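> what's the 3D shape of this:
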Amino acid sequence: MLWCFKYEDKVILFYYKYKTYIVNRRNVMKIPKMLNHYTKLPNSIYILFFARMVNSMGAFVYPFLTIYLTKTLSMDEGEAGFIVMLAITAHLPGLIVGGKLADWLGRKKILLFFQGMAAICLIPCAFLNNSILIPRLLILSAFFLGGAQPASTAMTADLTNPSNRKAAFSLLYLGSNIGFAVGPLIAGFLYNNYLMWIFLGDAATTFASLTLVYLFVKETLPSKEKIVESYQLENNYEKAEKGNLWQVLLKRPRLLLFTLISLIYSFVYAQTTFSIPIQVVELFGDKGPKMFGVIMTTNALVVSCLTIIIISLTHKIKPVLNVALAGVLYAIGFGMIFFIIGLPWLLFSTIIWSMGEILVTTNTNVYIANHTPISHRGRFNAVIPVIMGAGFALGPLISGDYIRKYGINNIWPVICFLSITAAVLMYFLYFNEKKRKQF
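The predicted structure follows:
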């Protein structure tokens, strides 16, 4: 039995056998305060949160793309890496087109059109019986997904300011991963016997999420009056700028350097959907797809459970320093796979690199948004992910050739070294920014 009573600022808990636990009430009251960052956000952010959650709940296709290519279509690692690279590369021109249109036509219209087209491309895949046309449709779908991304990110930046931006991005990230905690697990059990429903389910949840955006989120494209007003701001990276994308970007050398270092991070993270599936199939054979689904679900559960805690603990730390810390977590989480032969340690590894993922994703978006002019948000959120995405696109291609020559296990020391290098470079960027502000 358990009794509880209050005495001054203490909470006294009596447990059986007369054991007593004393907890400072102030510490107890700190737990709800972790949620304070999320209680004062615009209503549209909450709608986007639910939309992300629904969409991610049906994210069946792309997490299993490597397994689909190697197991179902019988491609070797090099061929599969080339196809995955094409899908990621197709994402990049989509970013450019979508970013330009988001600054011109509006965020909401572009988000609805491009993400809707991405879903439409998945529907025929359910009925083509493992045809070679399926990879081509998936590549086309990746192009449209790329086109939707700048509009979504710019919309979030439009709706927020530097004081609540980290909370908004972390909440949307949390919504994605709450859904993703369920999606891959379902897909893992559907894969062997109900493959068509992986494609149809992904498309259906995408349309459901877009319905929420269509009904409840207004257009956020800044008006001409707001852009003109922002010209008067001083020492503010978000004020509107005149000139083309590259002229404006070159005025922000720290953002450009941050982007180039992040290219390494994206190369490392690409292993989650390429090298890890190959490693899992190597270890577990036919059980590989289910085990990979468990790993991806673990990743999503960690993100869902720890995002609020990690953001609360690190909200006073500069975004660039948080990203440097993430590099260390990547090095540990991915590097230890070299020694792993069983599922429990793979799941422990997943917990470590998932914590790094939380820091990278939330703080990268905040850093970019805080250094992006309101007049160029769509384009900045297109070209910067293109540069970063080069690492993600090259990851499967380079890793595939390396794995073919040296084996899957030997990729992990290389990934560990790259993670440490990126962390050191990001720390130097933080140190440079800190030093400049002192003078």
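> Would you mark the buried spots in the one helix or strand residue 393 maps to?
Secondary structure from DSSP states H and E places residue 393 in helix 377-406. By neighbour count on 16 or more other C-beta atoms under 10 Å, the buried set for helix 377-406 is 377-400, 402-403. All C-beta spots, glycine's among them, are computed from the backbone N, C-alpha and C.
> and if you look at stretch 339-349?
For stretch 339-349, by 16+ other C-beta under 10 Å, it's 340, 343, 346-347, 349.
> Could you dump the residues you listed into TSV and include secondary structure, distance to residue 310 and pLDDT?
Converted to TSV, the buried residues of stretch 339-349 look like this (DSSP: H, G, I helix; E, B strand; the rest coil; distance: C-beta to C-beta, whole Å; pLDDT from 0 to 100):
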residue	secondary structure	distance to residue 310	pLDDT
340	coil	24	83
343	helix	25	87
346	helix	22	92
347	helix	18	93
349	helix	18	95
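> Closest one to residue 56 out of the residues you listed, please.
Among the buried residues of stretch 339-349, residue 347 lies closest to residue 56 (C-beta to C-beta), at 20.3 Å.
> For that closest one, give its distance to residue 354.
10 Å (C-beta to C-beta, to the nearest Å).
> joint contacts of these two?
Jointly contacting residue 347 and residue 354 under the rule C-beta atoms under 8 Å, 6 or more residues apart in numbering are residue 298.
> May I have the predicted confidence score for the closest residue to residue 314 other than its chain neighbours?
Residue nearest to residue 314 in three dimensions, not counting chain neighbours: residue 322, with 5.3 Å by C-beta to C-beta, 6 or more residues apart in numbering. Note on residue 322: pLDDT of 94.
> go on, residue 234?
54.
> Tell me where this structure has strands.
2-7, 10-15, 19-24 (DSSP state E).
> quick one: buried residues of stretch 167-183?
167-183.
> Of the residues you listed, which belong to helices?
Of the buried residues of stretch 167-183, the ones assigned to helices by DSSP state H are 167-183.
> Residue 176 and residue 52 touch, don't they?
Yes: at 4.6 Å, residue 176 and residue 52 qualify as touching, with contact defined as C-beta atoms under 8 Å.
> And residue 390, how close does it get to residue 425?
Residue 390 is 16 Å from residue 425, by C-beta to C-beta.
> In contact with the residue nearest to residue 414 when sequence neighbours are not counted, which residues?
Excluding the flanking residues, the one nearest residue 414 by C-beta to C-beta, 6+ apart is residue 402, at 7.2 Å. By C-beta under 8 Å, 6+ apart, residue 402 lies in contact with 410-411, 414.
> swap in residue 250?
residue 256.
> Please apply the same query to the one 5 residues further on.
By C-beta under 8 Å, 6+ apart, the residues touching residue 255 are 249, 367-368, 371-372, 384.
> and what of residue 202?
Shown in contact with residue 202 (C-beta under 8 Å, 6+ apart): 58-61, 119, 122.
> Can you tell me which of those residues is closest to residue 198?
For these, the nearest to residue 198 is residue 60 (4.1 Å; C-beta to C-beta).
> Next, give phi and psi for that closest one.
phi -90, psi -30 (degrees, to the nearest 10).
> Next one: it from residue 381, what distance?
26 Å.
> Then residue 41?
For residue 41 relative to residue 381 (C-beta to C-beta), the value is 19 Å.
> can you check residue 221 too?
13 Å.
> low-scoring stretches of the chain, by residue?
Residue ranges of the chain with pLDDT under 70: 1-34, 63, 192, 230-237, 436-439.
> what's in contact with stretch 335-350?
Outside stretch 335-350, the residues touching it (C-beta under 8 Å, 6+ apart) are 276, 279-280, 283-284, 291, 294-295, 298-299, 302, 333-334, 352, 409-410, 412-413, 415-416, 419.
> how long is it from one end to the other?
11 Å (C-alpha to C-alpha, to the nearest Å).
> Break the chain into its domains for me.
2-31, 34-224+233-437 (automatic domain parsing).
> so which of the ones you listed is the most packed in?
domain 34-224+233-437 (a mean of 20; mean count of other C-beta atoms under 10 Å).
> next one: that one to chain centre, how far?
Distance of domain 34-224+233-437 from the chain centroid (C-alpha atoms, centre = their mean, to the nearest Å) equals 3 Å.
> what about the helices in the stretch 201-350 of the chain?
Using DSSP state H, counting those that start in this stretch, the helices of the stretch 201-350 of the chain run over 224-230, 245-250, 253-269, 275-284, 288-314, 319-335, 343-370.
> Might you report the residue contacts of residue 362?
166, 169-170, 173, 307, 311, 322.
> switch the cut-off to 6 Å
169-170, 173 (C-beta atoms under 6 Å, 6 or more residues apart in numbering).
> Then residue 396?
Contacts of residue 396 (C-beta under 6 Å, 6+ apart): 81, 84-85, 274.
> Mind picking the two most distant members of those?
Largest pairwise distance in the contacts of residue 396, by C-beta to C-beta, is 9.4 Å, between 85 and 274.
> Helices along the stretch 1-150 of the chain, start to end?
25-33, 43-57, 65-67, 77-104, 107-122, 133-159.
> Including distance to residue 225, could these go into CSV?
Listed next are these as CSV, based on distance: least, C-beta to C-beta, whole Å:
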stretch, distance to residue 225
helix 25-33, 38
helix 43-57, 20
helix 65-67, 45
helix 77-104, 16
helix 107-122, 18
helix 133-159, 15
